[in-house]
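J.: what's the 3D shape of this:
(chains A and B)
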Amino acid sequence: MPIDKHVSNAAEALADVADGATVFISGFGGAGFPNFLIRALRDRGPKDLTLVVNSATHRYSYTHELIEAGLVRKVVCTAARGHSKEPSAFERLWMDGKIALECVPQGTFTERIRAGGAGIPAFYTPVGFGTELAAGKEVRRFQDRDYVLEHAMRGDLALVRADTADRYGNLSFRYAQMNFGPVMAAAASLTVAEVRAVLDEPMPHERVQLPGVYVDRVVTVTQ
Amino acid sequence: MSTQPLNRLQIAWRAAQDITDGMLVNLGLGMPLFVADYLRPEVDVFVQSENGVIGVGALAPPDRADTDLVDAGSRRITIRPGAAFVDSAWSFAMIRGGHIDVAILGAFEVAANGDLANWDMRLPNKGPLVGGGMDLAACARSVWIVMEHVTRQGAPRLLDACTLPLTAVRCVKRVYTDLAVIDIAPTGMVVREMLGDLSEADLRARTGAPLTFAPDCRPLKAPAIALPD
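T.: Prediction:
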């Protein structure tokens, strides 16, 4: 059967997401937030989610809607600080002990996901050595430097935003949209991409930034 | 040339004078971002941003602002000729791999052995934010700090040992403050430049770690730069 990963809408793309899922959400600083998919996930309403997302509180991301809806058990992120003086939705739940937090240096965050999709169970990094974020972790010295053992992460679902796709799931990104998309797509059992447009023809190979082998479903969104 | 303490923009100007041709530079949020405004005109450098931008340009004018083209501070930017984009894994491999010549970062505290505290002030009611700061501090080939020499209350921020949570150990090479330029050497803090009106005793009184003065210690100077209102 000819491959065609284009599905008609976000709800259909997320119809089989289960309670307790670990969900990767791409995006950084306004670029590449899969906000249509995030909202569709909220509407579907699976419970006890673990979100793996760079920021728990970014003002341009709809991640907070999942948190406010009470769907999230734990957040693994690099930034959990709200922008205003008043605590964000995440900060309130975290301070009340209703949501767990794992704060990770961003390069370690990214590499743990990369490792998860690349068949590497754990790795040593110099980042974090001697800090609170490495407390209790195994340390090993190579040559004259100390390194911290960090473990790979895998997810049940990755939500990614790209600019264009084709029916094979090949993705092309605009500017800084790519960020966590490629590693998250590779480390999740199910990857759903929202895109501005799905091309009628196969994407020219030199424009493919993430091969469709990592992408399971593609949804066109209206902006 | 005034002998007043430097303002934040003048500190950034002073650090920018030490950026040399061909460097790959990463600028932290806050005061470090202003370094890009004061690079010497003959210097051709690439600024890397942790979200995968290599070749950050000026801020975008409002009519060209694009939410897909942002830097590590979510600012809408332009890119310079020769710019490229990579994904986050590649960006941080670049950082950890020692390909960033200089990271210019802010700091709450710096210790005499080069330990840096710049990520967690232990604010009540606020969640933590580490971002890429630990990666840059631990792995850039040189870490330069731009900071005020003392706190608003007048307490030293250059210390024997940091009191706030560490970002990375033994990583700082040089500190630019409103009062001095100080190298972190194996022997501790070495003053390279100091405001002309200040005595060695004055600077020691504002510093929480022993200071050595370089034999060729020079006056710290910067052109007048007005702070925006």
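J.: Name the residues that touch the worst-scoring helix or strand of chain A on mean pLDDT?
T.: Here the helix or strand of chain A ranked lowest by mean pLDDT, DSSP states H and E is helix A:89-95, holding a mean of 94. Residues outside helix A:89-95 that contact it (C-beta atoms under 8 Å, 6 or more residues apart in numbering or on different chains): A:56-57, A:64, A:67-68, A:75, A:80-82, A:87, A:99, A:101, B:125-127. Backbone N, C-alpha and C define where each C-beta goes, glycine included.
J.: Doesn't A:Gly41 belong to a helix?
T.: Careful, residue A:41 is Leu and not Gly. Yes: counting by DSSP: H, G, I helix; E, B strand; the rest coil, A:Leu41 is part of a helix.
J.: how much space is there between the residue nearest to it when sequence neighbours are not counted and chain B?
T.: Using C-beta to C-beta, 6 or more residues apart in numbering or on different chains and skipping residues adjacent in sequence, the residue nearest A:Leu41 is A:Leu14, 5.5 Å away. Per C-beta to the nearest C-beta, to the nearest Å, A:Leu14 is found 24 Å from chain B.
J.: Now for A:Leu14: which residues touch it?
T.: So A:Leu14 contacts A:Leu37, A:Ala40, A:Leu41, A:Arg44, A:Leu157, A:Val192 (C-beta under 8 Å, 6+ apart).
J.: returning to what we had before: and the contacts of helix A:89-95, which are buried?
T.: A:56-57, A:64, A:67-68, A:75, A:80-82, A:87, A:99, A:101, B:126-127 (16 or more other C-beta atoms under 10 Å in any protein chain shown).
J.: so how many other residues sit close to A:Thr78?
T.: Residues lying near A:Thr78 (other C-beta atoms under 10 Å in any protein chain shown) number 26.
J.: ok, now which ones touch residue 210?
T.: With no chain named, the answer covers chain A. A:Val160, A:Ala162, A:Asn170, A:Leu171, A:Phe173, A:Met178, A:Gly181, A:Pro182, A:Ala185.
J.: meant chain B actually
T.: With C-beta under 8 Å, 6+ apart, B:Pro210 has these contacts: B:Ala112, B:Asp160, B:Gly188, B:Met189.
J.: 6 Å - rerun?
T.: B:Gly188 (C-beta atoms under 6 Å, 6 or more residues apart in numbering or on different chains).
J.: Equivalent analysis for B:Leu227, please.
T.: Neighbours of B:Leu227 in contact, by C-beta under 6 Å, 6+ apart: B:Asn7.
J.: Phi and psi next, for it.
T.: In terms of degrees, to the nearest 10, the main-chain angles of B:Leu227 are phi -70, psi 140.
J.: any idea how far B:Ala209 is from it?
T.: 29 Å (C-beta to C-beta, to the nearest Å).
J.: if we can go back for a sec, closest one of the contacts of A:Leu14 to B:Gly57?
T.: A:Leu37 (30.9 Å; C-beta to C-beta).
J.: Share the number of residues neighbouring the closest one, please.
T.: Neighbourhood size, A:Leu37 [other C-beta under 10 Å]: 27.
J.: Next: A:Pro46.
T.: 19.
J.: Just the element for it, please.
T.: For A:Pro46, there is no host helix or strand (DSSP states H and E).
J.: circling back to that earlier point, direction included, what does the following helix or strand past the least confident helix or strand of chain A pair up with?
T.: Next helix or strand after helix A:89-95 toward the C-terminus (DSSP H and E): strand A:100-103. Next to strand A:100-103 in the sheet, as set by DSSP bridges, lie strand A:72-77 (parallel).
J.: can you pull the buried residues of stretch B:23-35?
T.: Buried, per 16+ other C-beta under 10 Å, within stretch B:23-35: B:Met23, B:Leu24, B:Val25, B:Asn26, B:Leu27, B:Gly28, B:Leu29, B:Met31, B:Pro32, B:Leu33, B:Phe34, B:Val35.
J.: Get me the contact residues on chain B for chain A.
T.: Contact residues (C-beta under 6 Å from any C-beta of the partner chain) of chain B with chain A: B:51-53, B:67-70, B:74, B:85, B:87-89, B:92, B:96, B:125-132, B:134-135, B:138, B:165-166, B:169.
J.: Inside helices: which ones of those?
T.: Those of the residues of chain B next to chain A mapping onto helices are B:Ser88, B:Ala89, B:Phe92, B:Arg96, B:Met134, B:Asp135, B:Ala138, per DSSP state H.
J.: Near chain B, which residues of chain A are found?
T.: Near chain B, when you scan chain A using C-beta under 6 Å from any C-beta, you find A:28-31, A:78-81, A:87, A:91, A:94, A:103, A:105-107, A:110, A:114, A:126-128, A:130-132, A:174-180, A:182-183.
J.: Can I get the buried part of these as one PyMOL selection?
T.: Selecting only the buried entries of the residues of chain A next to chain B in PyMOL, with 16+ other C-beta under 10 Å as the criterion:
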select buried, chain A and resi 28+29+30+31+78+79+80+81+87+91+94+103+105+106+107+110+114+126+127+128+130+131+174+175+176+177+178+179+180+182+183
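J.: residues in contact with residue 209?
T.: Going with chain A. A:Ser172, A:Phe173.
J.: nope, chain B please
T.: Contacts of B:Ala209 by C-beta under 6 Å, 6+ apart are B:Ala112, B:Leu158, B:Leu159, B:Asp160, B:Met189.
J.: The same query, at a cut-off of 7 Å, please.
T.: Residues in contact with B:Ala209 (C-beta atoms under 7 Å, 6 or more residues apart in numbering or on different chains) are B:Ala112, B:Leu158, B:Leu159, B:Asp160, B:Gly188, B:Met189.
J.: Can you pick out the most distant pair from those residues?
T.: B:Leu159 and B:Gly188 (11.5 Å).
J.: all helices in chain B, in order from the N-terminus.
T.: B:8-16, B:88-96, B:133-139, B:200-205.
J.: Actually, chain A.
T.: Remark: helices assigned in chain A by DSSP H are A:10-13, A:35-44, A:63-68, A:89-95, A:106-118, A:181-187.
J.: ok, back up a step: counting neighbours, which of the contacts of A:Leu14 comes out on top?
T.: Neighbour-wise, these (other C-beta under 10 Å) top out at A:Leu41, 29 neighbours.
J.: Just the pLDDT for it.
T.: pLDDT for A:Leu41: 98.
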